[in-house]
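> model this:
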Amino acid sequence: MFTGIIEEMGEITAIERGSRSAVLHIRCQQVLEGTKVGDSIAVNGVCLTVTTLDAHGYTADVMAETLDRSSLGALRRGSRVNLERAMPADGRFGGHIVAGHIDGTGRVAEVTRDETAVWYRITAEPQILRYIVEKGSVTIDGISLTVTRVTGEDFSVSIIPHTQANTVLADRTAGDIVNLETDIIGKYVEKLMRPGEPAEKESRLTMEYLAEHGFS
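Here you go, the predicted model:
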């Protein structure tokens with residue numbers, strides 16, 4: 001489990017590509033502390049297992065499923081990536097519950113600046129937007145962020161310049177693809193409220209439904 005608080009930006013130094021998989025070579029420093037082979041590190045929000053380790057970085061295998069459902073397939077040598085080690089049991093919960101299993105990708109529609117705030121508007125598919133709520137949490141490329149606005153086609157987040165400068169959001173411009181993970185609590189609540197129903201059905205989880213069943 002992760003919290004969406006980025007510890008370090010690493011750099012892709014090499015990519016070994018197979019027909020349906022890849023091996024990422026990542027140069028980094030901070031996240032190596034206390035890390036051993038077999039540990040989990042989130043790379044742009046995707047939980048990957050450390051397969052080899054040295055003083056200057058590590059490697060991680062990426063399966064076909066991960067390449068298909070994330071933006072990792074677009075990485076190239078020199079790309080910067082957000083890195084976060086799995087949360088220790090005695091760690092500080094600085095963001096929100098992040099599984100490192102992304103729901104899909106979105107596309108940066110617009111980046112604007114408002115005094116000290118930097119606004120990102122992200123378009124996404126309906127099956128992702130259904131779990132994004134205003135003032136709720138969302139993970140973009142592994143970063144825990146607060147949603148400021150949601151429509152039927154997109155959502156927006158507002159960040160401070162420090163967050164932009166210390167994460168790969170500084171590299172993102174209109175048209176770029178980003179990894180998205182919605183708040184896992186909402187998905188569990190929906191599943192429990194409609195047991196046995198396939199996930200692709202239209203959600204019955206509304207404010208009226210919750211009130212009717214004792215939630216207020």
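
> helices of the chain, start to end?
Listed in chain order, the helices found in the chain under DSSP state H are 64-69, 126-129, 161-165, 184-193, 207-212.

> in the third one, which residues are buried?
Translated: helix 161-165. For helix 161-165, the neighbour count (16 or more other C-beta atoms under 10 Å) marks 163-164 as buried. From N, CA and C alone the C-beta is placed, and that goes for glycine too.

> can you check the first one too?
By 16+ other C-beta under 10 Å, the buried positions in helix 64-69 come out as 66-67, 69.

> where does pLDDT dip in the chain?
Scanning the chain for pLDDT under 70 picks out 196-216.

> what is the burial count for the closest residue to W119 other than its chain neighbours?
Excluding the flanking residues, the one nearest W119 by C-beta to C-beta, 6 or more residues apart in numbering is T112, at 4.7 Å. Neighbour count of T112, defined by other C-beta atoms under 10 Å: 11.

> correct me, but T112 touches V157?
No: the pair formed by T112 and V157 falls short of the contact definition of C-beta atoms under 8 Å, at 11.7 Å.

> can you give me the strands in the protein?
Applying DSSP state E to the chain gives strands spanning 8-17, 22-27, 40-43, 46-54, 57-62, 80-85, 104-114, 117-123, 137-140, 143-150, 154-159, 177-182.

> okay, those strands in TSV with distance to A165 next?
TSV is the format used below for the strands of the chain (distance: least, C-beta to C-beta, whole Å):
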stretch	distance to A165
strand 8-17	10
strand 22-27	19
strand 40-43	20
strand 46-54	22
strand 57-62	22
strand 80-85	12
strand 104-114	13
strand 117-123	10
strand 137-140	16
strand 143-150	12
strand 154-159	10
strand 177-182	17
